[in-house]
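# Here is the input, now give the coordinates:
(one chain, ligands or ions: 1)
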Amino acid sequence: MSLTEITTRLHAAEAVADRPEGSTTLIAISKVQPPERIEAVLEQGHRVFGENKVQEAQGKWPAFQERFGKCELHLVGPLQSNKTRAAMELFDVIHSVDRPKLAGALARIAQETGACPDLFIQVNTGEEDQKAGVLPAEVDAFVAECRGMDLPILGLMCIPPVDEEPSLHFALLAKMAERNGLRGLSMGMSSDFEKAVSFGATHVRVGSAIFGERVTG
Ligand SMILES: *Cc1c(COP(=O)(O)O)cnc(C)c1O
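Now for the predicted structure:
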């Protein structure tokens, strides 16, 4: 697959959902991908990328941006509190706000610097032990807590359990966002982004369908 094909499918899904073309931001998830694959997508003009590790992103994005110009960078993986400052310096959007301690660290640095990336609160919709995110029952209180700290919360993010129908999780996330007056919905990956669009995704996170299977190890 390729960027062109995914963009075409995304626009078709927007049309089916009766949503304006371009209303969904396509985040190309470039983690672990070899540089030449990322360069190929940059050369096609795409400028919105996502990474799941702060350190890995620090190692490649300054150089890419020097060559190709400013990109919109999204952190979609878990954020350790001690990497908060580095993440805020590099990323335009952070999708993994998932606990009060991290929210506090973000708020402190934002006050000090006068700048803060747009934020998504990650929700563990499947209530999985191994997965990050606030539990559905805690979302409303955590949104309120973050707003109390003046954090720019754009919306909610989820990663559905691999063995479950993602639609149920997308619908749940959309409902929680709506009742909290949040516009942003970060949901949908290579295998289910069209479904996510039908449930109102504003940001889809697509990796392997654009770049090819991730090569690791
Ligand atoms: C890796 C990753 C993706 C992209 O996964 P693909 O299946 O390759 O599209 C999306 N979201 C998060 C949080 C990820 O870590």
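# Helix, strand or coil: sort out Val204 for me.
Here Val204 is recorded as strand under DSSP: H, G, I helix; E, B strand; the rest coil.
# I'd like to know how many residues surround it.
Val204: 24 surrounding residues under other Cβ atoms under 10 Å. Any C-beta I mention is one placed from the backbone N, CA and C, and that applies to glycine too.
# what about the helices in the protein?
For the chain, applying DSSP state H gives helices covering 3-16, 35-43, 54-68, 84-90, 100-113, 139-148, 166-179, 193-198, 208-211.
# what is the rounded mean pLDDT of the first one?
For helix 3-16, the mean pLDDT works out to 98.
# who does that helix touch, helix- and strand-wise?
The contact analysis (3 or more Cβ pairs under 8 Å, 6 or more residues apart in numbering; DSSP states H and E) places helix 3-16 against strand 25-29, helix 193-198, helix 208-211.
# ok, the closest residue to Arg67 other than its chain neighbours - contacts?
Once flanking residues are discounted, Arg67 sits nearest to Leu42: 7.9 Å by Cβ to Cβ, 6 or more residues apart in numbering. By Cβ atoms under 8 Å, 6 or more residues apart in numbering, Leu42 lies in contact with 64, 67-68, 71.
# Can you say which of those residues are buried?
Applying 16 or more other Cβ atoms under 10 Å to the contacts of Leu42, the neighbour count classes 64, 71 as buried.
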